[in-house]
Every structure is written in C-alpha cells, then in structure tokens.
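Chemist: predicted structure and sequence below. I'll ask about it afterward.
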Amino acid sequence: MPAAKILVVEDEGLTALDLQRKMEHWGYDVPTLAFSSKEAVTKAKELKPDLILMDIVLRGKGDGIDAAKEIKKHSDVPIIYLTANGDEKTRKRAQDTEPLGFIIKPFQENELYQKIEKALYLVREKKKM
C-alpha cells in the first residue's frame with residue numbers, strides 16, 4: 001500500500017518544514033508545501049492529496065478556510081485544520097468545509113499523528129463503500 005500523500009499548507013516556513021519532516025518520519029508522503037491560499041488550491045489540484053493539513057492564517061489574500069472552500073468545489077479531499085485560531089467564530093466559519101478535525105497550536109506530536117491516522121482511516125472506509 002503506497003504512503004498517504006499529504007499536502008501541508010502553513011504560512012510559517014520553519015513550522016511547515018518541521019511538519020513535513022515529522023510526517024515523512026511517520027511514513028507519509030509530503031511532496032510539497034503551500035504557504036498561501038492560492039498556492040494551496042493550485043497544489044491540491046495538481047497533487048490530488050489524500051489529506052490536507054491546513055493552517056487558517058496564510059500569506060497573501062485569503063485564508064485557509066477560503067482555500068478549503070475552493071478546493072472542496074473540485075475535490076472531496078479531507079481537511080484537518082492546524083491553527084492557533086480556535087475561537088468560536090473561526091470554527092463556525094470553518095465548519096462549512098466539513099473538516100475532519102481541528103488541531104490547536106501548540107500541539108502534541110501524538111495528537112497530530114492520531115488525528116492524521118483517524119482521518120486516513122475514515123477516507124479508506126469511505127472509499128470501500
């Protein structure tokens with residue numbers, strides 16, 4: 001079974017590289033990173049990832065929720081938000097994209113791993129049906 005392909009969308013370069021390193025260590029394929037909403041949409045179309053880890057605050061125009069809404073128009077790829085913005089208003093706005101979860105920064109590595117595994121399990125089960 002090939003490694004799950006994950007797109008990391010994160011505006012902080014060092015954080016994005018750290019996430020990529022951790023996930024590759026866990027056996028996932030993280031072929032590229034995106035730093036803006038526009039870049040996230042473009043790379044999601046190109047890569048067709050199995051999962052997207054999406055920060056909400058991104059570089060440039062638009063945020064992670066805007067990117068997720070645009071991605072969802074073309075793909076049913078699951079999204080987990082990885083953000084420092086866990087306020088109720090942001091969460092309600094993000095719910096329209098039907099995320100598989102929220103991880104609030106700072107987070108524990110095992111929490112991230114467990115959420116990714118759960119999301120990928122749900123995706124595999126959905127494909128079986």
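Modeler: Great, that's in hand.

Chemist: got the contact list for the residue nearest the centre of the chain?
Modeler: Nearest to the mean C-alpha position of the chain, by C-alpha atoms, centre = their mean, lies Leu53 at 1.5 Å. The contact partners of Leu53, by C-beta atoms under 8 Å, 6 or more residues apart in numbering, come to 6-10, 19, 79-80, 82, 116. (Glycine included, C-beta is placed from N, CA and C.)

Chemist: which of the residues you listed lies closest to Gly64?
Modeler: Val9 (6.2 Å; C-beta to C-beta).

Chemist: next one: the closest one from Leu47, what distance?
Modeler: To Leu47, Val9 is 11 Å away according to C-beta to C-beta, to the nearest Å.

Chemist: then Thr83?
Modeler: 21 Å.

Chemist: so what's Ser75 closest to, chain neighbours aside?
Modeler: Ala44 (6.4 Å; C-beta to C-beta, 6 or more residues apart in numbering).

Chemist: so that neighbour touches Val77, yeah?
Modeler: Yes - if you go by C-beta atoms under 8 Å, Ala44 and Val77 touch, sitting 6.4 Å apart.

Chemist: which residues are common contacts for those two?
Modeler: With C-beta under 8 Å, 6+ apart, Ala44 and Val77 have common neighbours 52, 71.

Chemist: so what touches the host helix or strand of Tyr81?
Modeler: According to DSSP states H and E, Tyr81 maps onto strand 79-83. Applying C-beta under 8 Å, 6+ apart, the contact partners of strand 79-83 are 10, 19, 51-57, 64, 68, 71, 90, 94, 97, 99-105, 107, 112, 115-116, 119.

Chemist: can you show me the strands along the protein?
Modeler: Applying DSSP state E to the chain gives strands spanning 6-9, 33-34, 51-54, 79-83, 101-104.

Chemist: can I get stretch 80-97 as CSV, trimmed to CA atoms?
Modeler: Only the C-alpha atoms of stretch 80-97 are listed here, as CSV (Å, rounded to 0.1, in the frame of the first residue of the first chain):
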residue,chain,number,x,y,z
ILE,A,80,-7.7,18.9,9.1
TYR,A,81,-7.2,22.5,10.3
LEU,A,82,-4.0,23.1,12.2
THR,A,83,-4.2,26.5,13.7
ALA,A,84,-3.7,28.9,16.6
ASN,A,85,-7.1,30.4,15.8
GLY,A,86,-9.5,28.2,17.8
ASP,A,87,-12.1,30.9,18.5
GLU,A,88,-15.8,30.1,18.1
LYS,A,89,-16.3,32.5,15.1
THR,A,90,-13.4,30.9,13.2
ARG,A,91,-14.6,27.4,14.0
LYS,A,92,-18.1,28.1,12.8
ARG,A,93,-16.9,29.6,9.6
ALA,A,94,-14.6,26.6,9.0
GLN,A,95,-17.4,24.1,9.7
ASP,A,96,-18.9,24.8,6.2
THR,A,97,-15.8,23.0,4.7
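
Chemist: thanks a lot, catch you later.
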